[in-house]
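[1] Below: sequence and its predicted model.
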Amino acid sequence: MSTEENSIHSNIPTPHISAAYGDFAETVLMPGDPLRAKYIAEHFLEEAKCVTDVRNMLGFTGTYRGRRVSVMGSGMGMPSIGIYSHELFAFYDVEQIIRIGSAGSISEKLRVKDILIAEGASTTSAWQSKYHLNGTFAPIASWDLLYQCVKSSEELGIKVVVGNVLSEDAFYVDYPEDTEGWRQMGVLALEMEAAALYMNAARDGKKALAMFSISDEILTGVRLSSAERETGFTNMMELALDTALKL
């Protein structure tokens, strides 16, 4: 083992992940809810083992059709997924993270339980300021993950919509009418994590993709219950796993 590898592995376990080096597969599926991670491990993975439970942010590794895959919760918001994704990329040699989350539609094209793949993630966050860039960075998905996911959706017969999302810091806002400007720019849905994930992946030289089941229609007020969000996104889970299988 090289000096550089020794230095990286000396950070394990991290302050937020108790897994040993090698406990995570190269591909990690990342829902926000740790209970959704547990549900996926129990219902889709074989020989799933819990590899981390710090702060009840559960992570599991098992196999899917013979391919080693991990799934771990990210928590809510860019600061949370920013911590977990960086530690997975930088210290556990994870090569790609596929976020599987929920989003609120601001487009007539998307109804509850529809699947959206984020090719780009606009943001209201100052997350990019930590990189000291002279301009505005455009957080985008890794092309090969995006391509494979769309290809898998066609093979599985699962309808998807591909487009731009808005990653926001705040769930509750004082001026909801501000959303209209983003809608007019073609943004399809609101969520809270993808931009930070895409920026971390870019900075760490890794790959990332975010996909969402629509849980709310902001224009109509239709929404799913928390229980439906936890267990009801089967098509998205199967799509993410099929994508991981082919990477």
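    Cool, got the structure. Residues are numbered from 1 along each chain as shown.

[2] Need the residue closest to the centroid of the protein.
    Taking Cα atoms, centre = their mean as the criterion, residue 99 is the residue nearest the geometric centre of the chain, at 1.6 Å.

[3] do you know how far the residue lying closest to residue 189 once chain neighbours are set aside is from residue 62?
    Closest residue to residue 189 apart from its sequence neighbours, by Cβ to Cβ, 6 or more residues apart in numbering: residue 103 at 4.0 Å. Yep, even glycine has a C-beta here, placed from its N, CA and C like the rest. Residue 103 sits at a distance of 27 Å from residue 62 (criterion: Cβ to Cβ, to the nearest Å).

[4] These two: which has the busier surroundings?
    Between residue 103 and residue 62, counting by other Cβ atoms under 10 Å, residue 103 is the more crowded of the two (28 against 20).

[5] got a pLDDT number for the more buried one?
    Reported pLDDT at residue 103 in the predicted model: 96.

[6] List the backbone torsions phi and psi for it.
    Backbone torsions of residue 103, given as degrees, to the nearest 10, read phi -150, psi 160.

[7] show me where pLDDT drops low in this protein?
    1-8, 229-232 (pLDDT under 70).

[8] the strands in it, which residues?
    Here the chain has its strands, by DSSP state E, at 27-30, 46-52, 59-64, 67-72, 96-105, 115-123, 160-167, 189-191, 207-217.

[9] tell me, how many neighbours does residue 207 end up with?
    Neighbours of residue 207 under the rule other Cβ under 10 Å: 23.

[10] ok, what's across the strand from it?
    Following DSSP bridges, residue 207 is listed with bridge partners residue 96.

[11] and the gap between it and residue 125?
    21 Å.

[12] What of residue 63?
    Residue 63 sits 36 Å away from residue 125, going by Cβ to Cβ.

[13] higher neighbour count, the two?
    Under the criterion of other Cβ under 10 Å, the comparison of residue 63 against residue 125 puts residue 125 first, with 22 against 13.

[14] Leaving aside the residues adjacent along the chain, what's closest to the more buried one?
    residue 169 (4.9 Å).

[15] give me every residue that touches that neighbour.
    By Cβ atoms under 8 Å, 6 or more residues apart in numbering, residue 169 lies in contact with 77-78, 124-125, 192.

[16] quick one: which of these is most hemmed in?
    residue 192 (28 neighbours).

[17] So what does the residue lying closest to that residue once chain neighbours are set aside have for phi and psi?
    Leaving aside its sequence neighbours, residue 192 sits nearest to residue 77 (Cβ to Cβ, 6+ apart; 5.1 Å). Main-chain dihedrals, residue 77, degrees, to the nearest 10: phi 90, psi 160.

[18] Please apply the same query to residue 134.
    On the backbone of residue 134 - angles per degrees, to the nearest 10 - the values are phi -90, psi 60.

[19] That one: neighbouring residues, count only.
    Neighbours around residue 134, by other Cβ under 10 Å: 4.

[20] ok, now how distant is it from residue 128?
    Residue 134 is 11 Å from residue 128, where distance means Cβ to Cβ.

[21] And residue 95, by the same measure?
    23 Å.

[22] For this structure, which segments are assigned as helices?
    Counting by DSSP state H, one finds helices in the chain at the ranges 3-9, 34-44, 78-91, 143-156, 179-184, 194-204, 226-231, 234-245.

[23] Format these as a markdown table; extra columns: distance to residue 165.
    Output for the helices of the chain, formatted as a markdown table (distance: least, Cβ to Cβ, whole Å):
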| stretch | distance to residue 165 |
| --- | --- |
| helix 3-9 | 32 |
| helix 34-44 | 19 |
| helix 78-91 | 13 |
| helix 143-156 | 13 |
| helix 179-184 | 9 |
| helix 194-204 | 6 |
| helix 226-231 | 17 |
| helix 234-245 | 14 |
